[in-house]
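Q: The following comprises the amino acid sequence and a computationally predicted model.
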Amino acid sequence: MAVPISQAWTVATYVLKQKFMGKKKYPLVLMLEPLFRCNLACAGCGKIQYPAHILKAELSPEECFKAVDECGTPMVAIPGGEPLLHPQMPEIVAGLVARKKYVYMCTNALLLKEKLHLFKPSKYLSFSVHVDGQREHHDFSVCREGGYDIAMEGVRVAVEAGFRVTTNTTLFDGADPNSVRAHFDELMVAGVESMMVSPGYTYDKAPDQKHFLGRARSKKMFRAILSNRKSSWRFNASPMFMEFLMGKKDLTCTPWGMPTFSIFGWQKPCYLLQDGYADSFKALMETVEWQNYGTESGNPRCANCMVHSGYEASGVNYTFGSIKGLLQTAKAIFFSKYEDHGAMKILNEWKPAHHTPLVQIAAKAESDPQSAHNAAELQEVSGD
Amino acid sequence: MATEIQEGAKLEQLSHENPDEIEVAAGRDREQLEGWIPELASDADVREALEKAFDYRGDITVTRKDGTQVQGYLFDRQSSTTLTDSFIRIMPSNAPGTKINVGYADVAALAFTGRDTAAGKTFEAWVKKYWAKKAAGEQNIQIEPEKLD
Ligand code: SF4
């Protein structure tokens, strides 16, 4: 199992309860953003570009608890900013664990080793470490040489201390599926519980607007990455969401599935788009014109979106929406290899995109046994 | 909402491609707004300028019709059919954690006074800097977060 049985059971009973109560729109995971400042400065990050007085602001533990109680989801993700920079983060996490919420603290792990003693291992707490690929790829993505080694050291120390540790990998245009698969191997060897992977976020306000994967390329890339799966890989995602990424299933967005709360309030409509803020969760649910969002709505800002925050809840909904959904999910869990010769061909022939950045991380395809585990190599390629 | 100018590249792409067939998605056109003082001659001007202020990643300064000023980050706007029913929400730079509402109809002047914190932070800019530093023999190359004090 990619998540403990108690967590799977809690989520399943929560979803079924909402369905029995006839609720059409209910959230699955609260994205709690207690601060926006970060100890990395990734080029293109749309989350940390604010004036200093906003970056210094943070939610108090009481504000966090109020939001969690209002929203009522069984799971709380804490992205940011870097949550470990919040001086009261241990208190916030302890309060959420006391509420029996399954907490995923999303961290770049630069401070994890140093701050680990402030947290207690619990089945309710998982450190979700952001690692964007193999060493060179991650370092480039976070604009810091040595970032990968620090993050992986954080992973190892947390695993050794008995914490649940998962990872979160975001892929932008220019990602190499062969390298991503090698990255999965490395993460499993490091002892992570499970991995999450998602296409790059289409943040409207990201300073870099050139490296967003389109849906066609996302599907091709995820088909190459997630087909012919190794039995050692464990993923922290709904099987139906992963089929959606691979282009095997159509899902429509559930923008209310992962509502976001930050110093500004409840973000309308979703984690990615900022169309204003509501002062309560109830107001968020009642005032957003939800039909204006999702790829099928024709909203240009949703056009290329396939991200976890919009579609993971759709995958879960699909699973619990019908007997067919349950059977398909069961099949995906028990026959999860997804053998696909076409996908292997894509993998072997994958070429860097024309639109890629000036650097490319090269990893040889897996069909070439000699180079299967070659370290990725940073090489200069010609730009557009 | 966003202005059509901002969404121009995406709208152009979507006018001849199906979202499911797009390989690399067009981003959003960035405007140089730092230092801009828009003319607010008509209601439409006020709406357009405040929409851009909402999109802006730096502080702005609003002068009310009574002459008082608010400087800070415009994090929300609630736009209704009339200016009297519409308002912006600002986190003032000198009063952390507070939120101030200003009606659209009360706005006499607007200025994009703060630095655009997103300007120039593209992946290409990082790559260029990276290779320049590498060529100079530097080690542990990184972008440091800006100092907040
Ligand atoms: S498709 Fe859904 S998750 Fe993606 S940007 Fe639109 S509303 Fe947000």
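A: Looks like it came in fine.
Q: can you pull out the strands in the stretch 251-384 of chain A?
A: Using DSSP state E, counting those that start in this stretch, the strands of the stretch 251-384 of chain A run over A:260-262, A:265-269, A:274-278, A:359-362, A:377-380.
Q: Pull the number of nearby residues for residue B:37.
A: 12 (other CB atoms under 10 Å in any protein chain shown). From N, CA and C alone the C-beta is placed, and that goes for glycine too.
Q: before we move on, what about residue A:311?
A: Residue A:311 - counted by other CB under 10 Å - has 30 other residues nearby.
Q: buried set for the lengthiest strand in chain B?
A: In chain B, assigned by DSSP state E, the strand with the most residues is strand B:69-78. Of the residues in strand B:69-78, B:70-77 count as buried by neighbour count, 16 or more other CB atoms under 10 Å in any protein chain shown.
Q: is it possible to export the residues you listed to CSV including pLDDT and distance to the ligand?
A: Listed next are those as CSV, based on pLDDT from 0 to 100; distance: CB to the nearest ligand atom, whole Å:
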residue, pLDDT, distance to the ligand
B:70, 97, 30
B:71, 97, 31
B:72, 98, 27
B:73, 97, 22
B:74, 97, 21
B:75, 96, 18
B:76, 97, 17
B:77, 96, 19
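Q: Adding distance to chain A as columns, could you present the residues you listed in JSON lines?
A: Below are the buried residues of strand B:69-78 laid out as JSON lines (distance: CB to the nearest CB, whole Å):
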{"residue": "B:70", "distance to chain A": "13"}
{"residue": "B:71", "distance to chain A": "10"}
{"residue": "B:72", "distance to chain A": "7"}
{"residue": "B:73", "distance to chain A": "5"}
{"residue": "B:74", "distance to chain A": "11"}
{"residue": "B:75", "distance to chain A": "5"}
{"residue": "B:76", "distance to chain A": "5"}
{"residue": "B:77", "distance to chain A": "6"}
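Q: Return the nearest residue of chain B with respect to chain A.
A: residue B:27 (2.4 Å; CB to the nearest CB).
Q: next structured bit after the longest strand of chain B?
A: For strand B:69-78, the following helix or strand on the C-terminal side (DSSP states H and E) is strand B:87-92.
Q: What average pLDDT does that next one get?
A: On average, the pLDDT along strand B:87-92 is 98.
Q: follow-up on the earlier one: sec struct for the residue of chain B closest to chain A, please.
A: Here residue B:27 is recorded as coil under DSSP: H, G, I helix; E, B strand; the rest coil.
Q: What residues of the single longest helix found in chain A count as buried?
A: Determined from DSSP state H, the single longest helix within chain A is helix A:5-20. Across helix A:5-20, burial judged by 16+ other CB under 10 Å covers A:7, A:10-11, A:14-15, A:18.
Q: Next: stretch B:50-61.
A: B:50-61.
Q: Now that stretch - C-alpha only, PDB.
A: Extracted in PDB, the C-alpha atoms of stretch B:50-61 (Å, rounded to 0.1, in the frame of the first residue of the first chain):
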ATOM      1  CA  LEU B  50      -7.400  48.000 -10.800                       C
ATOM      2  CA  GLU B  51      -7.500  44.600 -12.500                       C
ATOM      3  CA  LYS B  52      -3.900  45.200 -13.500                       C
ATOM      4  CA  ALA B  53      -3.100  46.300  -9.900                       C
ATOM      5  CA  PHE B  54      -4.600  43.000  -8.700                       C
ATOM      6  CA  ASP B  55      -2.300  41.200 -11.000                       C
ATOM      7  CA  TYR B  56       0.800  43.100 -10.100                       C
ATOM      8  CA  ARG B  57       3.400  41.500  -7.800                       C
ATOM      9  CA  GLY B  58       4.500  44.600  -6.100                       C
ATOM     10  CA  ASP B  59       3.000  47.300  -3.900                       C
ATOM     11  CA  ILE B  60       0.800  50.000  -5.200                       C
ATOM     12  CA  THR B  61      -0.300  53.400  -3.800                       C
END
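Q: That stretch near chain A anywhere?
A: Yes - counting by CB under 8 Å from any CB of the partner chain, chain A has neighbours in stretch B:50-61: B:54-55, B:57-59.
Q: Can you pull the poorly scored residue ranges out of the chain?
A: In the absence of a named chain, this looks at chain A. Low-confidence segments of chain A (pLDDT under 70): A:1, A:201-211, A:352-384.
Q: wait, chain B
A: B:1-3.
Q: any idea where the helices of it begin and end?
A: B:8-16, B:43-55, B:123-135.
Q: cool, chain A as well?
A: Counting by DSSP H, the segments of chain A that form helices are A:5-20, A:52-56, A:61-71, A:89-98, A:112-115, A:135-141, A:147-160, A:177-189, A:215-226, A:239-245, A:281-287, A:308-321, A:323-334, A:341-349.
Q: picking up where we left off before, does the residue of chain B closest to chain A touch residue A:214 like I think?
A: No - look at residue B:27 against residue A:214 with CB atoms under 8 Å: they stay out of range, at 11.2 Å.
Q: Just give me the neighbour total for residue B:85.
A: 12.
Q: where does it sit relative to residue B:103, distance-wise?
A: 8 Å (CB to CB, to the nearest Å).
Q: go on, residue A:24?
A: On the measure of CB to CB, residue A:24 and residue B:103 end up 35 Å apart.
Q: So which of those two has more stuff around it?
A: For residue A:24 versus residue B:103, neighbours defined as other CB under 10 Å are more numerous around residue B:103 (14 against 7).
Q: can you pull the contacts of that one?
A: B:83-84, B:86-87 (CB atoms under 8 Å, 6 or more residues apart in numbering or on different chains).
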